[in-house]
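okay, sequence plus prediction incoming.
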Amino acid sequence: AQSVTQLDSQVPVFEEAPVELRCNYSSSVSVYLFWYVQYPNQGLQLLLKYLSGSTLVKGINGFEAEFNKSQTSFHLRKPSVHISDTAEYFCAVILTYGGSQGNLIFGKGTKLSVKP
Amino acid sequence: GAGVSQSPSNKVTEKGKDVELRCDPISGHTALYWYRQSLGQGLEFLIYFQGNSAPDKSGLPSDRFSAERTGGSVSTLKIQRTQQEDSAVYLCASSPGRFQETQYFGPGTRLLVL
């Protein structure tokens, strides 16, 4: 069963427009959630993560994500994107079952393309 | 400080040859991970090291794949008798411990099997 689903493989958007990249995960007792970004020809770097506490998480470069347990979602948002945000974004999850913790499982990625 | 480094950055090999990919994690990081990034497949977990031990090898796709880590630092991923479907970017990551920790990724090794 797919643990992490990124519904959109590509998202084109104009500069200064808002954007939402969707991520849903398989239900579990508890989860740790991450968004990673991969800029062209670079390695992955962490944007933000949710471990516990406030469901609204703020990350680098003006991105934020909200953990919604009832909808098993962790959508990434930015109110106004820049050309430099063009990259591939990966949602990732660590699922836990009865105290046992799994590996970091990645979604297939969403390519964000910001056009002038 | 220095990040995770990987070598070579690119590797072209012929089908049937063996290859070795190297990862130098961030100093002091006890956990080390290998992933494979293929077109259309996203990022697949291969293996996880805690120190020199590999408690989780569940992602290795076949017995042609093996990995080791020495001195709690450098790791080598070995692929024997390479096949064209092994072509991918192989990513290494490290973290200070395991669970909940941010993983820091290297730039990857792009492997092309002709």
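Now that the structure is in, tell me what you want to look at. Residues are numbered from 1 along each chain as shown, chains lettered A, B, ... in the order given.

so in chain A, where's the weakest helix or strand by average pLDDT?
Within chain A, no helix or strand scores below strand A:100-106, which has a mean of 78 by mean pLDDT, DSSP states H and E.

given the least confident helix or strand in chain B by mean pLDDT, what are its sheet partners and their directions?
For chain B, using mean pLDDT, DSSP H and E, the weakest element among its helices and strands is strand B:53-56, scoring a mean of 85. The pairing partners recorded for strand B:53-56 under DSSP bridges are strand B:42-50 (antiparallel).

residues contacting residue 25?
Answering for chain A, as no chain was given. By Cβ atoms under 8 Å, 6 or more residues apart in numbering or on different chains, the contact list for residue A:25 reads A:3, A:4, A:5, A:31, A:33, A:72, A:73, A:74, A:91, A:93, A:95. Quick note: C-beta positions are derived from backbone N, CA and C, even for glycine.

can you look at chain B instead?
Taking Cβ under 8 Å, 6+ apart as the test, what residue B:25 contacts is B:4, B:32, B:73, B:74, B:75, B:92, B:94.

now the nearest residue to residue A:13 once chain neighbours are set aside: how far from chain B?
Of all residues not flanking residue A:13 in the chain, residue A:19 sits nearest, at 5.0 Å (Cβ to Cβ, 6 or more residues apart in numbering or on different chains). As judged by Cβ to the nearest Cβ, to the nearest Å, residue A:19 and chain B stand 20 Å apart.

what's the answer for residue A:51, then?
Taking Cβ to the nearest Cβ, one finds residue A:51 at 5 Å from chain B.

show the pLDDT at that residue.
Residue A:51 carries a pLDDT value of 89.

and residue A:110, by the same measure?
pLDDT, residue A:110: 96.

ditto for residue A:98
62.

rewinding a little: tell me which residues are up against the least confident helix or strand of chain A.
A:3-4, A:34, A:36, A:90-96, B:33, B:35, B:42-45, B:48, B:56, B:58-59, B:98-99, B:103.

kindly report the same for stretch B:8-22.
So stretch B:8-22 is contacted by B:6-7, B:74-84, B:90, B:107-114 (Cβ under 8 Å, 6+ apart).

and the spatially most central residue of chain B, what does it touch?
Most central in chain B under Cα atoms, centre = their mean is residue B:34, positioned 3.3 Å from the mean C-alpha point. By Cβ under 8 Å, 6+ apart, the contact set of residue B:34 is B:23, B:45, B:46, B:47, B:59, B:67, B:75, B:77, B:90, B:91, B:92.

at the contact with chain A, which residues of chain B appear?
B:4, B:33, B:35, B:40-45, B:48, B:56, B:58-59, B:91, B:93, B:98-100, B:102-108 (Cβ under 8 Å from any Cβ of the partner chain).

mind checking which of these are buried?
Listed as buried from these are B:4, B:33, B:35, B:42-45, B:48, B:56, B:59, B:91, B:93, B:98, B:103-108; burial here means 16 or more other Cβ atoms under 10 Å in any protein chain shown.

flag the shaky bits of the chain, pLDDT-wise.
Since you didn't name a chain, this refers to chain A. Residue ranges of chain A with pLDDT under 70: A:1-2, A:28-29, A:97-101.

hmm, no, I was thinking of chain B.
B:1, B:99-100.

so where do the strands sit in it?
B:5-7, B:10-13, B:19-24, B:31-38, B:42-50, B:53-56, B:65-69, B:75-79, B:88-95, B:104-105, B:109-113 (DSSP state E).

next, format those strands as JSON lines and append distance to residue A:112.
Shown next, in JSON lines, are those (distance: least, Cβ to Cβ, whole Å):
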{"stretch": "strand B:5-7", "distance to residue A:112": "25"}
{"stretch": "strand B:10-13", "distance to residue A:112": "26"}
{"stretch": "strand B:19-24", "distance to residue A:112": "28"}
{"stretch": "strand B:31-38", "distance to residue A:112": "17"}
{"stretch": "strand B:42-50", "distance to residue A:112": "16"}
{"stretch": "strand B:53-56", "distance to residue A:112": "31"}
{"stretch": "strand B:65-69", "distance to residue A:112": "32"}
{"stretch": "strand B:75-79", "distance to residue A:112": "30"}
{"stretch": "strand B:88-95", "distance to residue A:112": "19"}
{"stretch": "strand B:104-105", "distance to residue A:112": "18"}
{"stretch": "strand B:109-113", "distance to residue A:112": "22"}
